[in-house]
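Take this sequence and fold it.
(chains A and B)
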Amino acid sequence: MSVSVESLNYQSRFSLKEWIFTTDHKRIGVLYLIGSFAAFFLAGLMAMLMRTELSSIGPTITENPNTYNVWLYFHGAAMILGYQIPALTGFFANYYVPLMIGAKDVAFPRLNALSVWLFWMGIVLALLTFVIPDPPDIMWTGYPPYSTMTPGNTALYTFTVLLIGFSSIAGGVNFLTTIMYMRAPGVTWNKLNVFIWCILAAFIIQLIFVPVLGVAVTMLSLDKYLGTNFFNAAMGGDPLIYQNLFWFYSHPAVYVILLPAMGLIYEIIATFSRNSIFNYKGILYGGIWGVVLLGGIVWAHHLYIAGIPDWMALVHVFLTLLISVPVGLMMVGLVGTLYRGSIEYKTPMLYAIGFIFLFLIGGLTGIPNAMSAIYIHITETYWIPGHFHYVMAISVTTAIIGGTYYVFPKLTGRMYHEGLGKLGFFIFFIGVNITFFLTLLMGVKGMPRRYYDYPQFPELEGIQQITTYGSYLIFVSAVIILVSWIHGLVAGEKAPQNPWGSRSLEWTHAPSPPPPGNFPRKLELTEEWSPYNYGS
Amino acid sequence: MSEHSLEHELRWHTSYWPLLLSVGILFLAPLAFTFYFVYNKPFLAIVSLGVGAPLTLISIAGWVKEGMEDIHGYGEGLSVWAMPFFIVAEALLFVGFFAAYWVMRLSAPVWPPAGTPEMPLLVPIVMTIILVSSSITIHIGEKRLEEGDNSGFLTWLGVTLVLGILFLAFSAFEWTELFHEGFNFKTNAYSTAFFSITGFHASHVLVGVGIFLCVLLPALAGRTNVAFVRSASMYWHFVDIVWFFVVSQIYFW
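Below you'll find the model as predicted:
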């Protein structure tokens, strides 16, 4: 099938110019991948430093509590803005969307290139944290009044968010247009991959909510450096405006991350179960759109103790509990797809199963948080980071790593080492559960979050130490995963066009790796074609 | 697919401008702002502007030139469909600022707060007339282009540009007057909302003028793209509609 393509030898030579000035969606995707994994590595390093600091009472590796604050800032900001969102809506969206819908490229290839480079400029700004004398120390949330009064550099935070935000908006415009107007004939709405629907939903959320975050952080710098009074209560402003605007974006941002991650898991599970998606339309119209509709009206559950009116808290309790319905629908779809499938436990499938488990814990620990009466007792404790690390940090990372293993043969044209992949998974899975299950437990014991030291809780020192060892285990797994990828890239055997036996376009019609223009032959899809048609 | 077109497809497409533009933006806004306002180093800020501004302008020019030659061509004509998505995002930016304004205003014991001078009411009316007429002129220009009347298009586009610049001039005049009366960013909650929202709107007018320049300059050389003109005028109508909110909320409420 791909004979004529290989005879042309389109990637026999490496050209730096063709990489950094590229407008091809696959290469732009790889640029996203490199940037986001670099951010992941650095932010993970910050987490290791924080965990090491917490492994004993009193100063462990730094005497200066503010250094800890800077680590905390960089960890949160880089993980969310630099790693998760760009890896999912950057790398996976770029790589998969044109391939899955049968297009040659995205609608606006140069705008796409601008997106990735704006993201990289955001990374450059974030890296300045380690160079300047006054690094930001305001967490990734940047709450005023502290952020408008700290000697730390709030402008750096503002502009990092703005650059990456602008990149997201450009990406949103690009991908919505691509998905709506560039599908190949035969790729109809009700036959689209679940991942494409998830990306569509994620970018709709990005388009609506990112601008609001942009406004919020702009106001921070206006207040701090130009003297406006948005958050200055003495002059008629209100710090709560910031918290509302910030979470108006940052809660939906969870779904920007979660939906594409779910989409990846759907692709993996359908392929390795040889099964069509269970309740496909229910997932699309109930699950994904339910999340989009409800996602924007639950933000105040982050503000229960910030001083909002009781009626507002009450409304948001119910809406927040309600959002577990569409999310639950999507979970049932995953498990239902496994049912009576012909399951094959390759590395990506292990990650997908791991995702179901981790996300279930994350989702269930979220239910008490949704209820304001319980929330006031557990807020600001380790319970909260425990919950959100399960629900968005590690479950989504599981999806990203699993998704990368899944796409690896297509991306590189080579196979990874199955044994190394599985070893990495099990160590990762054990490591994250040790670290974050104990974090949840310490939360129940009352350990306050964000603290540099805990002399008032001497009984927690042992458990803190084990948590730290758990985090070292995650680091070990990350090294093994990286080694397996590098090994696959350098020494892996040549990948066939469709090693997984998937029915999706990128595997059935595009060579590994796909050439410029993606599909060497004109796509001719029959009526029966569907990305999940396994004849069952 | 013939062998020849396959070979054409199998080239990795490249463009210099996206990367250069993003570097230009990095120097133009984040670095210049940080040098000036955070570290009080005006010289470095000017250097940063000196690097960023030309780089940005050159990249935009190169980008537009490439777009007119349509090297890539995948998204031909789709910009008309993409612009509404961008406008949604832009609208939400204003929603954010207005939300802050409404919260401050509705929770204030007295409004306008102390320190607010008598606001000019004639100037915003004149500005409204200017902006609405510019929306009409660009619409006429667009129609002329569709009819194939290039010189008519150029004339009406030129009129629109002049009106846009006139609007900015009025805005600048008004700001200066208010500064002289001691009404500035720091005065009170109203000044905060006033300057941020009108300034933010004016920045959109500025971008619109920039977009029209990107249409006008190639058009003078005989290159036009109907889809591009339509998207540009859609953006301009949006900026016009937002102005109604600005006028009604900031000046006449």
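
Hmm, A:Ser56 is touching A:Gln465, no?
Yes - between A:Ser56 and A:Gln465 there is a contact at 7.4 Å, judged by Cβ atoms under 8 Å. In short, each C-beta sits where N, CA and C put it, glycine included.

how much space between the closest residue to A:Ala261 other than its chain neighbours and chain B?
Excluding its sequence neighbours, the residue lying closest to A:Ala261 (Cβ to Cβ, 6 or more residues apart in numbering or on different chains) is A:Ala399, at 3.7 Å. A:Ala399 is 26 Å from chain B, where distance means Cβ to the nearest Cβ, to the nearest Å.

what's the following helix or strand after whichever strand or helix holds A:Ala399?
Counting by DSSP states H and E, the element that carries A:Ala399 is helix A:395-412. Heading C-terminal from helix A:395-412, the first helix or strand you meet, by DSSP H and E, is helix A:418-444.

So what's the gap between that next one and the chain middle?
Offset of helix A:418-444 from its chain centre (Cα atoms, centre = their mean, to the nearest Å): 18 Å.

element containing the most centrally placed residue in chain B, please.
In chain B, the C-alpha nearest the mean C-alpha coordinate belongs to B:Val207, at 2.2 Å (Cα atoms, centre = their mean). Taking DSSP H and E as the definition, one finds B:Val207 inside helix B:189-220.

which strands and helices sit next to that helix?
Applying 3 or more Cβ pairs under 8 Å, 6 or more residues apart in numbering or on different chains; DSSP states H and E, we find helix B:189-220 packed against helix B:42-69, helix B:79-106, helix B:150-180, helix B:226-246.

Right, and chain A sits closest to which residue of the stretch 1-150 of chain B?
B:Gly96 (3.1 Å; Cβ to the nearest Cβ).

Based on its surroundings, how many neighbours for that residue?
The number of residues packed near B:Gly96 is 23, by other Cβ atoms under 10 Å in any protein chain shown.

Repeat that for A:His301.
21.

Can you get me the start-to-end distance on stretch A:281-300?
30 Å (Cα to Cα, to the nearest Å).

what's the spacing between that stretch and its chain's center?
In terms of Cα atoms, centre = their mean, the centre of stretch A:281-300 is found 18 Å from the chain centre.

Pretty sure A:Ser342 sits in a strand.
No - A:Ser342 is assigned coil when assessed by DSSP: H, G, I helix; E, B strand; the rest coil, not a strand.

Contacts only, for it.
Contact partners of A:Ser342, counting by Cβ atoms under 8 Å, 6 or more residues apart in numbering or on different chains, are A:Ser273, A:Arg274, A:Asn275.

Please apply the same query to A:Leu258.
A:Leu258 neighbours (Cβ under 8 Å, 6+ apart): A:Val291, A:Val327, A:Val391, A:Met392, A:Val396.

Now render those residues as CSV, adding pLDDT, neighbour count and secondary structure.
CSV is the format used below for these (pLDDT from 0 to 100; neighbours: other Cβ atoms under 10 Å in any protein chain shown; DSSP: H, G, I helix; E, B strand; the rest coil):
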residue, pLDDT, neighbour count, secondary structure
A:Val291, 95, 26, helix
A:Val327, 95, 22, helix
A:Val391, 94, 24, helix
A:Met392, 92, 21, helix
A:Val396, 96, 27, helix
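
helices and strands around the helix or strand hosting A:Arg110, which ones?
Under the criterion of DSSP H and E, A:Arg110 resides in helix A:109-127. Packing partners of helix A:109-127 (3+ Cβ pairs under 8 Å, 6+ apart): helix A:25-54, helix A:154-181, helix B:17-26, helix B:42-69.

count of residues packed around the residue in the stretch 101-250 of chain B that chain A sits nearest to?
Ranked by Cβ to the nearest Cβ, the top residue of the stretch 101-250 of chain B for proximity to chain A is B:Ala189, at 3.2 Å. Residues contacting B:Ala189 under the criterion other Cβ under 10 Å number 27.
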